[in-house]
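Please work out how this folds:
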Amino acid sequence: MPQTAGICGVILAAGESTRMGRDKALLPWPPVAEGAPAANTFLGAMIDLLQQMSDLVVIVAGHNAVTLEGVTDAHGAFLIVNPDPDRGQFSSIQVGLREVLNRGRDAAFLAPVDRPPVLPGTVQALRTAFMNSDTEIWAAVPEVSVEGAAVHGHPILIGREMMEQFLRAPATAVARDILHQHAQHILYVPVVDARVVANIDTAEDFQRLLRSETIPAETTF
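Next comes the predicted model:
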């Protein structure tokens, strides 16, 4: 990937958070003492993180666009809407990637909002590895060791070539499957950051996270 590639952050926030019972984008982060006001949210903290390594950050919302507008504006990001979020997360990825290309960027961090932001060093490692790679690398994916096994997580950083593959696929596709189809073009970047595989689906998951207990792991990419 050329050193001159412009990078956009894309945060996927169109889900309805049915199992959580509240919009996961607005969960408080970082953790605060019980009863204390929240300093930030999953969404706000993710925007702040990606802005350090991106030219701009785009939020893909769905039916919750009005709810997320205040946080998006306060953190200097751009809100766009998936007109049919019920098609699933991949349709939001495609909406976000079209915006990336329309804004003249050649690469994008893809980050789901339903998990705590990863460590800044993880984002830096992905960006550095990707920008220093050759043209045969279309994506950089974080990799952690879980009980001795390599597990891949979020966020991922993809270039124009992988974006084109995503945009050519049907809206019902799965990002993981497309990445696996082009495994020879993926650079897996080892990191020491349990958050890349965090999976916060329910209120119980979130409470475990706040108590710094084990975060459920989910292999997504």
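
Would you confirm that I59 belongs to a strand?
Yes: judged by DSSP: H, G, I helix; E, B strand; the rest coil, I59 forms part of a strand.

show me the contacts for it.
By CB atoms under 8 Å, 6 or more residues apart in numbering, the contact list for I59 reads I11, A13, L43, I47, L68, T72, A77, F78, L79, I80, V113. C-beta coordinates here come from the backbone N, C-alpha and C atoms, glycine included.

how many neighbours does the nearest residue to the second one once chain neighbours are set aside have?
When you say that, I think you mean A13. Spatially, and ignoring its direct neighbours in sequence, A13 is nearest to V113 (4.1 Å; CB to CB, 6 or more residues apart in numbering). Residues near V113, counting by other CB atoms under 10 Å, number 26.

repeat for V192
Neighbours around V192, by other CB under 10 Å: 11.

mind pulling up the phi and psi values for the nearest residue to it once chain neighbours are set aside?
Nearest in space to V192, with sequence neighbours left out and distances taken as CB to CB, 6+ apart, is V144 at 7.1 Å. When read as degrees, to the nearest 10, the backbone of V144 gives phi -120, psi 160.

Show the residue spans covered by the helices in this structure.
Ranges of helices within the chain are 42-51, 65-74, 89-102, 120-131, 160-168, 175-181, 203-210, based on DSSP state H.

sorry, back to before: how about the residue nearest to V192, what does it touch?
Contacts of V144 by CB under 8 Å, 6+ apart are A150, V151, G153, P190, V191, V192, D193, A194, V196, V197.

what comes up buried for the helix or strand of the chain with the lowest mean pLDDT?
The weakest-scoring helix or strand in the chain, judged by mean pLDDT, DSSP states H and E, is helix 203-210 (a mean of 78). Residues D205, F206, L209, L210 are the ones in helix 203-210 that count as buried (16 or more other CB atoms under 10 Å).

same check, this time on stretch 83-94
In stretch 83-94, counting by 16+ other CB under 10 Å, buried: P85, R87, G88, Q89, F90, S91, S92, I93, Q94.

Kindly report the same for stretch 127-146.
So, applying 16+ other CB under 10 Å, buried residues of stretch 127-146: 127, 129-131, 133, 137-144.

same question, stretch 159-168
Buried residues in stretch 159-168, counting neighbours by 16+ other CB under 10 Å, are found at G159, R160, E161, M162, M163, Q165, F166.

hmm, who's touching it?
1, 5, 90, 93-94, 97-98, 100-101, 106-108, 130, 137-139, 158, 173, 175, 178-179, 181-182, 185.

circling back to that earlier point, dump the buried residues of stretch 83-94 into CSV; add distance to A38 and pLDDT as well.
Output for the buried residues of stretch 83-94, formatted as CSV (distance: CB to CB, whole Å; pLDDT from 0 to 100):
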residue, distance to A38, pLDDT
P85, 25, 92
R87, 31, 92
G88, 29, 90
Q89, 26, 91
F90, 31, 95
S91, 30, 95
S92, 25, 96
I93, 28, 97
Q94, 32, 97
